[in-house]
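Undergrad: got a structure for you, letters missing:
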């Protein structure tokens with residue numbers, strides 16, 4: 001199996017208040033790629049009944065589910081063949 005087209009490092013993230021989501025970085029052979037996961041998408045990890053969460057809860061949720069989020073981001077990166085940064089992950093991307 002080929003190596004992943006995008007790789008992630010744990011702990012490379014920051015809250016973007018203006019986008020109401022967590023920005024995290026992926027690394028490719030051609031450089032870094034920005035990803036943004038919305039607070040609504042992060043809320044899906046807690047409960048599909050939540051419509052959104054505050055920034056502190058969003059960051060805690062991101063840290064708790066970081067490996068799962070990276071897996072979803074890798075899948076979306078491949079399916080979108082890159083795309084314009086940041087690659088946005090929404091609730092639809094994390095729902096089963």
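TA: The structure has been received and is ready for your questions. Not measured: the values here are computed from a predicted model.
Undergrad: How about the closest residue to residue 38 other than its chain neighbours: which residues does it bridge to?
TA: Closest residue in space to residue 38, ignoring its immediate chain neighbours: residue 21 at 4.4 Å, by CB to CB, 6 or more residues apart in numbering. C-beta coordinates here come from the backbone N, C-alpha and C atoms, glycine included. Using DSSP bridges, the beta-bridge partners of residue 21 come out as residue 16, residue 38.
Undergrad: can you map out the helices along the chain?
TA: Listed from the start of the chain, the chain has helices (DSSP state H) covering 39-46, 55-64, 66-79, 91-94.
Undergrad: dump the residue contacts of the spatially most central residue of the chain.
TA: Here the mean C-alpha position of the chain is nearest to the C-alpha of residue 37 (CA atoms, centre = their mean), at a distance of 4.1 Å. Contact analysis of residue 37 by CB atoms under 8 Å, 6 or more residues apart in numbering lists 21-22, 24, 62, 69, 73, 88-89, 94.
Undergrad: mind redoing it with 6 Å?
TA: Each residue near residue 37 by CB atoms under 6 Å, 6 or more residues apart in numbering is listed here: 21-22, 89.
Undergrad: so what's it scoring on pLDDT?
TA: With respect to pLDDT, residue 37 scores 95.
Undergrad: Report the spatially closest residue to it, excluding sequence-adjacent ones.
TA: Distances taken as CB to CB, 6+ apart place residue 89 nearest to residue 37, at 4.2 Å, with adjacent residues excluded.
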